[in-house]
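Colleague: Sequence plus the predicted model coming up.
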Amino acid sequence: MNVQWYPGHMTKAKRAMLEDRKLVDLIIEVVDARVPFSSRNPDLQELARDKFHMIVLNKADLADASVNQLWTEYFQNQGIFVAKTDARTKRDMKTIHETVKEACQKKIERDRRRGILNRPIRAMVAGIPNVGKSTFINSFAGRACAKTGNRPGVTRGNQWIRINSSVELLDTPGILWPKFEDPKVGLHLAFIGSIRDEVIQLEELSLELISFFQKQYPGLLEKRYEMEPFQTPLQGLEGIASSRGCRMKGNELDLAKASSLLLDDFRSGRMGRISLEKPECV
Ligand code: G4P
């Protein structure tokens, strides 16, 4: 299955990011911990050049804890500072503050040597749509100040949010687009619901997801949906439809309904903490 999706405003959003990067010391790149590879835009490496750079593995609550750890080590080995979060809570924000300071240690020391005291670190949050940038900004800033569900191309005012005496954050996140060259990227972003379902064949998508589960989490679907072991993804989908009573008029199995149910269970975390990507596959 090859998911293709080219949203508009791409150039405009990138131009805005290029402008904004001039204003900051630190780029906080937010990625989805379930798909850290697919939810990154390779251009960010370039955009973060000459800047301090940290990665927030967001939605860590939905991803496998042991795989989160592998990704943390993977990025740290590349010299990038990393923190894991569930941005909907403020629980991890102390760690975020500490990581911001660590990432900008060189600037803090340089300012101190020059006798500059109390010049705050200026940071911007960046990432592809739906990774949780706005939610993160709200939690980090401690109040609802970034509009969630933002879209690229809105009027930009360059407002700064004062987090505390040592950090200021640009109120609008930098929006990048995923790179779809590798077909797995489109597929994984579709699994987590980051590509509008209207442009995807949901039944085909759910068969791909079942195939992933068969390989990576064998037995999990059978347990969750209380069904007999199955051989092919289609048998798996039929099993889910049958077990959950998804039937059309005339008692025929409703595979479309079963597909929605499966994807919904997965995206909401009801199937447990699942990582779709591991560093070894990069
Ligand atoms: P964006 O700015 O990067 O586009 O993302 P945004 O903050 O709008 O978040 C996208 C969706 O992801 C939201 O759900 C948000 O609640 C959810 N989310 C953000 N961070 C986390 C996290 O760490 N863990 C989990 N489990 N979910 C997270 P939504 O259903 O689109 O909106 P809502 O109904 O929650 O408002």
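Modeller: Here it is on my side, so go on.
Colleague: Check whether residue 31 sits in a helix, strand or coil.
Modeller: strand (DSSP: H, G, I helix; E, B strand; the rest coil).
Colleague: right, and it touches residue 127 too?
Modeller: Yes - under the contact definition of Cβ atoms under 8 Å, residue 31 touches residue 127, with a separation of 6.3 Å. Yep, even glycine has a C-beta here, placed from its N, CA and C like the rest.
Colleague: any common contacting residues for these two?
Modeller: The contact sets of residue 31 and residue 127 overlap at residue 39 (Cβ atoms under 8 Å, 6 or more residues apart in numbering).
Colleague: downstream neighbour of the helix ranked longest in the chain in the secondary structure list?
Modeller: Ranked by residue count and defined by DSSP state H, the top helix of the chain is helix 202-216. Per DSSP states H and E, the first helix or strand lying C-terminal to helix 202-216 is helix 220-224.
Colleague: quick one: the strands in the chain?
Modeller: Along the chain, the segments classed as strands by DSSP state E run 26-32, 52-58, 81-84, 121-127, 160-164, 167-170, 174-175.
Colleague: Just checking: what are the partner strands of the third one?
Modeller: So the one you mean is strand 81-84. As defined by DSSP bridges, the strand partners of strand 81-84 come to strand 52-58 (parallel).
Colleague: which residues sit against the strand it pairs with?
Modeller: Strand 52-58 is touched from outside by 25-33, 36, 63, 68, 71-72, 75, 80-87, 96, 99-100, 103-104, 106-107, 121, 131-132, 135-136, with contacts defined as Cβ under 8 Å, 6+ apart.
Colleague: The stretch 1-150 of the chain against the ligand: which residues are in contact?
Modeller: 58-59, 61-62, 85-88, 127, 129-135, 148-150 (Cβ under 6 Å from any ligand atom).
Colleague: Check the residues you listed for burial and list the buried ones.
Modeller: 58-59, 61-62, 85-87, 127, 129-135 (16 or more other Cβ atoms under 10 Å).
Colleague: among those residues, which one has the lowest pLDDT?
Modeller: Lowest pLDDT of those: residue 129, 90.
Colleague: For stretch 184-195, buried residues please.
Modeller: 184-192, 194-195.
Colleague: er, stretch 261-268 I mean
Modeller: Within stretch 261-268, the residues that count as buried by 16+ other Cβ under 10 Å are 261-263, 265-266.
Colleague: Just name the shakiest helix or strand of the protein by mean pLDDT.
Modeller: Here the helix or strand of the chain ranked lowest by mean pLDDT, DSSP states H and E is helix 10-21, holding a mean of 80.
Colleague: Need the contact partners of it.
Modeller: Residues outside helix 10-21 that contact it (Cβ under 8 Å, 6+ apart): 27, 43, 47-48, 51, 124, 126, 152-153, 156, 158, 170, 172, 174-177.
Colleague: Repeat that for stretch 158-167.
Modeller: Applying Cβ under 8 Å, 6+ apart, the external contacts of stretch 158-167 come out as 20, 23, 97, 100-101, 118, 120-123, 137, 140-142, 145-146, 168-172.
Colleague: pLDDT on it, on average?
Modeller: Averaging pLDDT along stretch 158-167 gives 86.
Colleague: what about that stretch, how long is it end to end?
Modeller: This stretch, stretch 158-167, spans 15 Å end to end (Cα to Cα, to the nearest Å).
Colleague: Run through the stretch 1-150 of the chain and note the low-pLDDT ranges.
Modeller: The model of the stretch 1-150 of the chain has pLDDT under 70 over residues 1-10, 143-150.
Colleague: hmm, try it at 50
Modeller: 144, 146-150 (pLDDT under 50).
Colleague: Distance check, the residue in it that the ligand sits nearest to against residue 36.
Modeller: Closest approach between the stretch 1-150 of the chain and the ligand, counting by Cβ to the nearest ligand atom: residue 132, at 2.9 Å. Note on residue 132: its distance to residue 36, by Cβ to Cβ, to the nearest Å, is 13 Å.
Colleague: Can you name the residues that contact residue 48?
Modeller: Contacts for residue 48 (Cβ under 8 Å, 6+ apart) come out as 21, 27, 29.
Colleague: Just the buried subset of the contacts of stretch 158-167, written out for ChimeraX, thanks.
Modeller: The ChimeraX selection below is limited to those of the contacts of stretch 158-167 classed as buried (16+ other Cβ under 10 Å):
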select :20,97,100,121,122,123,137,140,141,146,168,169,170,171,172
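Colleague: For the closest residue to residue 261 other than its chain neighbours, give me its contacts.
Modeller: With sequence-adjacent residues excluded and distances taken as Cβ to Cβ, 6 or more residues apart in numbering, residue 261 is closest to residue 244, at 5.9 Å. Residues counted as contacts of residue 244 (Cβ under 8 Å, 6+ apart) are 225, 258, 261.
Colleague: Lovely, talk soon.
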